[in-house]
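Engineer: the sequence isn't on hand, but the structure is:
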């Protein structure tokens, strides 16, 4: 098989077998959300971006081509991965996949991320968690306040699918956007948000 | 001189001479803003964070201690460095230092960052640029709309200090927070924002 020109020079992380597994595990939902956010920006509906992965840089080399990071570690995030503005409002969320068919393990979200979500809620932002149940091919949006409710009322280490069914909302998947989560936000907030749309 | 225990193991980027220069150039304003943001979070006034530096990861090693990035490049940011929520509103800004005494070179901000700032403004967010004139020890806050005005009315490659004096607002520096830029935001927006404070 002949590869297209330029393929050989991609000595990237994807070549690593372990990384392929890792990438596939995390990338599906992430790439769906990134595509949806790009679409929302294109039609000027919302400005929502994924934050870069936090890393601790330890060594940098100066080459003719510029700076190259030679040693760095992955850092744990202090906030959620996605934030931005929708209808004049601050919007903030975390997205996670689970291969479990029955429940979402809470340890998949860092403790300080959860604290951050509760804070956003207190400050009047739109805040939620998107969970993909990979095997069921279902994506749920659960508001931070309902995540809080669960944690306050339960000592379980995972949130059962039934809780998402009861308190969360199913997100439709489609082509453009792949995951129309803002439609769900609109459903939850009703017309409340529209009064704040592009107030200038 | 004896260093405290643990100092020797810090083989970090700071040891590189070029990096010391680079770090000092960029770090003063950045650390002042980070400290101010930490203070604002502590008193629960606002939730504003610096986004991680975007990098392109090329090689990752798996060691006993976990994943180590062996090769990565600095990527150019597509948005501003800071964003969050203040009084229920989306807030978004970029911060830059200049050693020039007379003007701020526009090339210090990426083109897509400027575009992003204009977009935030259109979507009803609070958006601005903080510029520190290092030699003058003065920090100005310039709203995105006034940055836009300058770019529309001028062909100059830098914004003169006089423009910041006329259209921007001086930010007081102090101890806690070091750079009270939200006080300036309050001044500009008057009581408009207060109606939206913690609406829950």
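Structural biologist: Right, received. Where do you want to start? Because the structure is a prediction, the values reported are computed rather than measured.
Engineer: where along chain A do the helices fall?
Structural biologist: For chain A, the helices defined by DSSP state H cover A:17-42, A:111-122, A:144-153, A:161-167, A:181-189.
Engineer: run through who's touching the last one.
Structural biologist: By CB atoms under 8 Å, 6 or more residues apart in numbering or on different chains, the residues outside helix A:181-189 that reach it are A:33, A:36, A:40, A:45-46, A:86, A:91, A:93, A:126, A:128, A:130, A:139, A:141, A:143, A:169-172, A:193. Backbone N, C-alpha and C define where each C-beta goes, glycine included.
Engineer: out of those residues, which are buried?
Structural biologist: With neighbours counted by 16 or more other CB atoms under 10 Å in any protein chain shown, these contain buried members at A:33, A:36, A:40, A:45-46, A:86, A:91, A:93, A:126, A:128, A:130, A:139, A:141, A:143, A:169, A:171, A:193.
Engineer: which ones among those residues map onto strands?
Structural biologist: Under the assignment DSSP state E, these contribute A:46, A:86, A:91, A:93, A:126, A:128, A:130, A:139, A:141, A:143, A:169 to strands.
Engineer: how about stretch A:98-113: buried residues?
Structural biologist: By neighbour count, with 16+ other CB under 10 Å as the criterion, the buried positions of stretch A:98-113 are A:98, A:100, A:103-104, A:106, A:108-109, A:113.
Engineer: those also near chain B: which ones?
Structural biologist: Near chain B, judged by CB under 8 Å from any CB of the partner chain, there are no entries from the buried residues of stretch A:98-113.
Engineer: so what's the residue nearest the centre of chain A bridging to?
Structural biologist: When chain A is reduced to its mean C-alpha position, the nearest residue by CA atoms, centre = their mean turns out to be residue A:95, at 3.2 Å. Counting by DSSP bridges, residue A:95 forms beta bridges with residue A:130.
Engineer: give me every residue that touches it.
Structural biologist: A:29-30, A:33, A:81-82, A:129-132.
Engineer: just the buried ones from those, in ChimeraX syntax?
Structural biologist: Command for ChimeraX that selects the buried part of these, burial taken from 16+ other CB under 10 Å:
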select /A:29,30,33,81,82,129,130,131,132
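Engineer: redo the contacts of residue A:95 as CSV? Include distance to residue A:69 and pLDDT.
Structural biologist: What follows is the contacts of residue A:95, written out as CSV (distance: CB to CB, whole Å; pLDDT from 0 to 100):
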residue, distance to residue A:69, pLDDT
A:29, 27, 95
A:30, 22, 95
A:33, 26, 97
A:81, 21, 95
A:82, 24, 98
A:129, 31, 98
A:130, 30, 98
A:131, 32, 98
A:132, 31, 97
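Engineer: what's the closest of the contacts of residue A:95 to chain B?
Structural biologist: Set against chain B, the nearest of these by CB to the nearest CB is residue A:81 (10.5 Å).
Engineer: which stretches of chain A aren't confidently modelled?
Structural biologist: Per-residue confidence for chain A (pLDDT under 70) gives these ranges: A:1-27, A:195-200.
Engineer: now with 80?
Structural biologist: A:1-27, A:191-192, A:194-200 (pLDDT under 80).
Engineer: one step back: out of the buried residues of stretch A:98-113, the closest to residue A:65 would be?
Structural biologist: Looking at the buried residues of stretch A:98-113 and their distance to residue A:65, the nearest is residue A:113, at 35.7 Å (CB to CB).
Engineer: state the distance from that closest one to chain B.
Structural biologist: Going from residue A:113 to chain B by CB to the nearest CB, to the nearest Å gives 12 Å.
Engineer: how about residue A:115?
Structural biologist: Taken as CB to the nearest CB, the span from residue A:115 to chain B is 11 Å.
Engineer: ok, now residue A:128?
Structural biologist: Distance, residue A:128 to chain B, by CB to the nearest CB: 14 Å.
Engineer: show me what contacts that residue?
Structural biologist: By CB under 8 Å, 6+ apart, the contact list for residue A:128 reads A:93, A:117, A:141-144, A:185.
Engineer: circling back to that earlier point, take the buried residues of stretch A:98-113 and keep only those in strands.
Structural biologist: Members of these lying in strands (criterion: DSSP E): A:98, A:103-104.
Engineer: need those residues in a markdown table (columns: distance to residue A:148).
Structural biologist: Listed next are these as a markdown table, based on distance: CB to CB, whole Å:
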| residue | distance to residue A:148 |
| --- | --- |
| A:98 | 20 |
| A:103 | 18 |
| A:104 | 15 |
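Engineer: residue A:157: which of the residues you listed is nearest?
Structural biologist: For these, the minimum distance to residue A:157 (CB to CB) is 8.9 Å, reached by residue A:103.
Engineer: give me the nearest residue to the closest one, chain neighbours excluded.
Structural biologist: Distances taken as CB to CB, 6 or more residues apart in numbering or on different chains put residue A:158 closest to residue A:103, at 3.9 Å, once the chain neighbours are dropped.
Engineer: can you redo the helices of chain A as a markdown table with distance to residue A:76?
Structural biologist: As requested, the helices of chain A are exported to a markdown table (distance: least, CB to CB, whole Å):
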| stretch | distance to residue A:76 |
| --- | --- |
| helix A:17-42 | 15 |
| helix A:111-122 | 8 |
| helix A:144-153 | 19 |
| helix A:161-167 | 25 |
| helix A:181-189 | 25 |
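Engineer: out of those helices, which gets nearest to residue A:56?
Structural biologist: Across the helices of chain A, residue A:56 has its closest neighbour in helix A:111-122 (16.1 Å, CB to CB).
Engineer: hmm, who's touching that closest one?
Structural biologist: A:76-80, A:90, A:92, A:94, A:106, A:127-129, A:143-145, A:147-148, A:151, B:41, B:44, B:47, B:85, B:198, B:200.
Engineer: buried set for it?
Structural biologist: For helix A:111-122, the buried set under the neighbour-count rule, 16+ other CB under 10 Å, comprises A:113-114, A:116-117, A:119-122.
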